[in-house]
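K.L.:
coords below, sequence missing:
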């Protein structure tokens, strides 16, 4: 997203009062605009594919299709025929050609970091927030996700990765081969991202401007075919690097 761009947001929650409160908070500074609301997962998927927002605020627990299923639907590759038909507006619905794959997903939950949140994060969600998070915390998370920065703390990142269990030898070999193909600078950035550091913190470690770090992280994501910083951390952990705090 370019600087000065007003972030486009879809809010998905089955409680109208929650949607209204989130809309008020999201639009309070003029940095973000809510382009659609959804009351369940099915409506959320359609709203994302129609409006192609920058961010989806997604309630983990909703009727018909919950946050885990919604994340799965938005992150799963779509058959070429289906995507082409949707882009042409078949069935009366004009869906964007990318199906919303580029939309960042921020989970909202009233239950903390539970198993459903962990599953959705592993499936491709980018962050999670308590529903009662202060407005400043919500906006800070939206800005971080918008800018491709870290949202999960190192402690939460470790908790999510620990919940996945031990990778197989084959998974380790495959992940190691991918990571070892990175140039040294990108490999160093991967390790710092895997430790849960923000772009600013990585810049301090590498003595690089934050914009340069952001570009480096983008290159690592592209070279490894990863959709999120969490996926990078998972890949590094599977390769055997683990998620360690950087040495001081």
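P.N.:
Noted; the coordinates are in hand. The model shown is predicted, which means the values in this text are computed figures rather than measured ones.
K.L.:
From here on, just use CA atoms for contacts and neighbour counts.
P.N.:
Will do.
K.L.:
burial of residue 54, as a residue count?
P.N.:
Residue crowding around residue 54 was assessed by other Cα atoms under 10 Å; the count is 21.
K.L.:
Neighbours of residue 43, how many?
P.N.:
If we define neighbours as other Cα under 10 Å, then residue 43 has 17 of them.
K.L.:
Find the helix or strand that it is a member of.
P.N.:
If you go by DSSP states H and E, residue 43 is part of helix 41-51.
K.L.:
What's the first helix or strand after that helix?
P.N.:
Using DSSP H and E, the helix or strand that follows helix 41-51 towards the C-terminus is strand 55-59.
K.L.:
elements contacting whichever helix or strand comes after that following strand?
P.N.:
Sequence order places helix 67-75 as the next helix or strand after strand 55-59, per DSSP H and E. On a contact count with 3 or more Cα pairs under 8 Å, 6 or more residues apart in numbering; DSSP states H and E, helix 67-75 meets helix 41-51, helix 115-123.
K.L.:
buried ones in the top helix by length along the chain?
P.N.:
Under DSSP state H, the helix in the chain containing the largest number of residues is helix 210-224. Using 16 or more other Cα atoms under 10 Å as the test for burial, helix 210-224 gives 210, 213-214, 216-218, 220-221, 224.
K.L.:
Residue 104 - nearest residue in space that isn't next to it in sequence?
P.N.:
Distances taken as Cα to Cα, 6 or more residues apart in numbering put residue 55 closest to residue 104, at 4.6 Å, once the chain neighbours are dropped.
K.L.:
And residue 49, how far from residue 138?
P.N.:
Distance from residue 49 to residue 138, counting by Cα to Cα, to the nearest Å: 24 Å.
K.L.:
And the helices in this protein?
P.N.:
Under DSSP H, the chain gives helices at 16-26, 41-51, 67-75, 80-87, 115-123, 135-146, 154-162, 169-180, 184-194, 199-206, 210-224, 229-239.
K.L.:
what's the burial count for residue 101?
P.N.:
For residue 101, using other Cα under 10 Å, the count is 21.
K.L.:
hang on, isn't it packed against residue 75?
P.N.:
Yes: with contacts counted by Cα atoms under 8 Å, residue 101 reaches residue 75, the gap being 6.0 Å.
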